[in-house]
Structures are given as C-alpha cells and as structure tokens.
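S.K.: After the sequence you'll find the predicted model.
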Amino acid sequence: MASRHRRQALRLGTAAAGCALLITACGDSPAPREQNRAEAEVRRDYLAYWDAWLAASAASDPDLPDLSRHAASRQLAMLRANLRESAADGTVTKGSVGHDIRSVTHGEQTSFVTDCVDLDDWVIHDRASGKPVKQLLDRPSQLATYTLAVTEHGWLVTDSTVVDQC
C-alpha cells in the first residue's frame, strides 16, 4: 500500500514538474530560438551597415543610397559629414575592417551591438593618385557600441560610441 502511494506521489510530482516547465516556457520572454533569430537579424544588418560605410568611403560619396538604407539619425549625419570632408581633402578610404562582435542586446525597437573594430586594413588614399597617404598604420582596435533602431526595412545604425581600445 505504501509503495502504491509512493508511485502515485512520484507520478504527481513528475506531472507537476512538467506543468511547471510548460508554464515557464510560455512566459512573456521570447523563446531562445526567436531571440537567436532576432539577434542574428541585428548582427546581419549591422554588418550590412559596415559594407555600405566601406563602399561610401572607397568613393568618398556621402550620397551613396546604401548608406541611408543602413544608417539614420545622428550616425548618418556623422558619416556624411566625414565623407564630405574626405571628398574636399581629395581622399578615399579603402580596404577592410575586422569585427569581433562581443555582444548583441536585442530589444523590440532598439538593439545594441558591442564590437571590437580592427581598422588596420582600412587605409586612406589620395583619390587622384590612388596611393596611400601618410598615416598611422598600426592603429589600436576600437571597442564601440552601436545603437540600432528597427524600421519596416530592418535595423538601422543610429548612433555609435567608442568605449575603449580592445
């Protein structure tokens, strides 16, 4: 008789634990798979922002359409001002940028990417001659935080802050 009660108690305990897991899984927070997908979208759009920035820098073109497809607000204004200055100086910036994304913090409307950006292979060139201009080539990588806002077309970089070297 006592054995039968123990088995019933064990079954009830197991059922209660299963219900608790189901209740926990149905909470307000997004499922891990959804969160991973959302973070992957933020990461993808952040890297597309860099592709647009590199393309605009290679031509010193502040009006490159891809730039406004991936940046907005303060960030877009800062990029365009930088590109206008480069064009006035007769320079372009060519090469690649390395990324070591340290974190992606996803929110419904705003997300943040913290990235260690390696600028060593992104070099300023004279536009007319195509030759690199005199500059510091061994630059420390920059740890920066980028703010992204969601739009109907995806995530746009709206701000950035260099936090430290990395």
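M.R.: Nice, I can see it. Quick caveat: nothing in here was measured; it's all calculated off a predicted structure.

S.K.: correct me, but residue 155 touches residue 42?
M.R.: Yes - counting by C-beta atoms under 8 Å, residue 155 sits close enough to residue 42 to count as a contact (5.3 Å). Every residue, glycine included, has its C-beta placed from N, CA and C.

S.K.: Give me the more crowded residue out of the two.
M.R.: Under the criterion of other C-beta atoms under 10 Å, the comparison of residue 155 against residue 42 puts residue 155 first, with 25 against 22.

S.K.: And the helix or strand encompassing that one, what does it pack against?
M.R.: Following DSSP states H and E, the helix or strand that holds residue 155 is strand 154-165. Under the contact definition 3 or more C-beta pairs under 8 Å, 6 or more residues apart in numbering; DSSP states H and E, strand 154-165 sits against helix 32-59, helix 65-70, helix 73-89, strand 142-151.

S.K.: which parts of it are buried?
M.R.: Across strand 154-165, burial judged by 16 or more other C-beta atoms under 10 Å covers 155-160.

S.K.: between these, which is nearest residue 56?
M.R.: Each of those was scored against residue 56 by C-beta to C-beta, and residue 157 proved nearest at 12.9 Å.

S.K.: Quick one: residues contacting that closest one.
M.R.: Applying C-beta atoms under 8 Å, 6 or more residues apart in numbering to residue 157 gives the contacts 46, 49, 70-72, 75, 146-148.

S.K.: coming back round to it: can I get the buried residues of strand 154-165 in CSV including pLDDT and distance to residue 80?
M.R.: Written out in CSV, the entries for those read as follows (pLDDT from 0 to 100; distance: C-beta to C-beta, whole Å):
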residue, pLDDT, distance to residue 80
155, 98, 19
156, 99, 14
157, 99, 13
158, 99, 14
159, 99, 14
160, 98, 14
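
S.K.: To residue 105, which of the helices and strands packed on strand 154-165 lies closest?
M.R.: The minimum distance between residue 105 and the helices and strands packed on strand 154-165 falls on helix 32-59, with 8.4 Å, by C-beta to C-beta.

S.K.: where does residue 137 land on pLDDT?
M.R.: pLDDT for residue 137: 74.

S.K.: Repeat that for the one 3 residues further on.
M.R.: You'll see residue 140 listed with a pLDDT of 90.

S.K.: hang on, it in a helix?
M.R.: No - read with DSSP: H, G, I helix; E, B strand; the rest coil, residue 140 is coil and lies in no helix.
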